[in-house]
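>>> Provide a 3D model corresponding to the input given below.
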Amino acid sequence: MISYFDAALTRLSIHYTGNKLKDELYRLSGKPLSINDETLSRLLMQYFLSPFEKVNEIYRLSHPSGNLELNELFHFSSNIFSSVENFHDNSIQIAKHLYDVSSHPKIKSGETYVVYFDGIQIEGETHPAVGIFKSETKEAYLKVQSEEDGFNLNYEQEAINIKKLDKGCLIFKTEKEQGYKVAVVDQTNTSEAAYWIDDFLKLAIRNDSYTQTNNTLSIYKKFITTQVDEEFNISKTDKIDLLNRSIKYFKEKDHFNMDEFSNEVIGYAEGIESFKTYKKNYEQESETTISDSFEINNAAVKKQSRVYKNILKLDKNFHIYIHGNKDLIEKGFDKEKNMSFYKVYFRDEQ
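Residues are numbered from 1 along each chain as shown. Predicted coordinates:
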């Protein structure tokens, strides 16, 4: 969903935010940091952005009052997007805001990085983005140095592991009226320290066509791969066929309708009722509403198509890919060999 192969880090400001409740202070830098070393720039890009390659959920900035202008991050990000020359001044305000909400005893102090990126791709489109990251966890690293008569061993006590980003968010310069597209990472998130998402960013789950399409396909996949086995006696080829038919529906239709989808894809009353109950339970548990009617988003369909499995794995010898008519494959049992088998019908061999 998010890729940064062609992205560039163009501005970076580093500040330090302590825990306000513990009377720890914050320290603000006087100017942005210049990155002239290509290796350092590449490592920073990896540290900041690689965790977002696995992010699926996209959020919006919000405010309980409904007035986006009261959301601090919306205000500061908008200032940066309107004029990048305002970047450092607004990075200071972002760090101060983070300090103000750091009022839980379990919140750790650490460096706060505010970054401006060009060319990050999200959902098939490329946009500038403001990145905000916090490093809370430090580790000790050994350093081996070659010398004339052998080697010298040293260490770095308070070093940052670039493969372990503690907290981060990307605010993309798109869909401003809805609160921008926002991706978030919180590796240390707990109920006590949910300040990053709830207090600092004030995020709301996006509920547009992409999310509706993505969630519906995801829920249906979980239903077929888990719930169906508990309620119905259904073969693996039938399960793969049900998955294939759902993707086919979403690829061919412009609009999703729950009743139409259920009748065309599932096709029998007990299965339809079970799926609707499964979807309702998911909505209650996740406190997320998924509409029974919405415009289908092609980018979400493409993403889900990659994780929908149509492979029938037979021991460690064979994989059968089932793309179409399941009636062209039959399962049987050979008593002499005491083994199951599949018979596959085809017209052309390539």
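>>> quick one: the residue nearest to the spatial centre of the chain from residue 110, how far?
The chain has residue 55 as the residue nearest its centroid, 1.5 Å off, counting by C-alpha atoms, centre = their mean. To residue 110, residue 55 is 21 Å away according to C-beta to C-beta, to the nearest Å. Glycine gets a C-beta too; all of them are placed from N, C-alpha and C.
>>> residue 3 pairs with what?
Counting by DSSP bridges, residue 3 is bridged to residue 121.
>>> related to what we said a few turns ago, surely the residue nearest to the centre of the chain touches residue 2?
Yes. Residue 55 lies in contact with residue 2 (C-beta atoms under 8 Å); the separation is 6.1 Å.
>>> need the overlap of contacts for the two.
Here residue 55 and residue 2 share the contacting residues residue 183, scored by C-beta atoms under 8 Å, 6 or more residues apart in numbering.
>>> ok, now which ones touch residue 22?
residue 105 are the contacts of residue 22 under C-beta under 8 Å, 6+ apart.
>>> let me know the pLDDT of it.
We note a pLDDT of 88 for residue 22 in this prediction.
>>> in stretch 223-232, what's buried?
Across stretch 223-232, burial judged by 16 or more other C-beta atoms under 10 Å covers 223, 224, 227, 228.
>>> now do residue 309, the pLDDT please.
63.
>>> low-confidence stretches in the stretch 1-150 of the chain?
1 (pLDDT under 70).
>>> contacting residues for the residue lying closest to the residue nearest to the centre of the chain once chain neighbours are set aside?
Nearest residue to residue 55, sequence neighbours excluded (C-beta to C-beta, 6 or more residues apart in numbering): residue 183, at 4.9 Å. Applying C-beta under 8 Å, 6+ apart, we find residue 183 in contact with 2, 52, 55, 57, 58, 59, 122, 169, 170, 172.
>>> could you dump these into CSV and include secondary structure and distance to residue 205?
Listed next are the contacts of residue 183 as CSV, based on DSSP: H, G, I helix; E, B strand; the rest coil; distance: C-beta to C-beta, whole Å:
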residue, secondary structure, distance to residue 205
2, strand, 17
52, helix, 17
55, coil, 13
57, coil, 7
58, coil, 9
59, strand, 6
122, strand, 16
169, strand, 14
170, strand, 16
172, strand, 16
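>>> the chain: helices as residue ranges?
For the chain, the helices defined by DSSP state H cover 38-49, 72-82, 87-101, 195, 209-222, 228-231, 236-252, 258-261, 269-286, 298-305.
>>> per-residue pLDDT, residue 330?
Value for residue 330, per-residue pLDDT: 66.
>>> same question, residue 212
Reading off the model, residue 212 has pLDDT 87.
>>> distance check, residue 55 against residue 256.
24 Å.
>>> please apply the same query to residue 158.
52 Å.
>>> my guess is residue 84 contacts residue 32, does it?
No. If you go by C-beta under 8 Å, residue 84 and residue 32 don't touch, sitting 10.6 Å apart.
>>> common neighbours of those two, please.
Among the neighbours of residue 84, those also in contact with residue 32 (C-beta under 8 Å, 6+ apart) are residue 11.
>>> would you confirm that residue 51 contacts residue 185?
Yes. The pair residue 51 and residue 185 qualifies as a contact (C-beta under 8 Å) at a distance of 4.7 Å.
>>> find residues that contact each of these two.
Common contacts of residue 51 and residue 185 (C-beta under 8 Å, 6+ apart): 165, 168.
>>> determine which two of the buried residues of stretch 223-232 are furthest apart.
Using C-beta to C-beta, these span at most 7.7 Å, a distance reached by 224 and 227.
>>> list of residues touching stretch 65-80?
By C-beta under 8 Å, 6+ apart, stretch 65-80 touches 61-63, 86-87, 90, 93-94, 97, 116, 130, 132, 171, 176, 179-180, 200-202.
>>> residue contacts, residue 131?
Contacts of residue 131 by C-beta under 8 Å, 6+ apart are 48, 49, 113, 114, 115, 116, 117, 168, 169, 170, 171.
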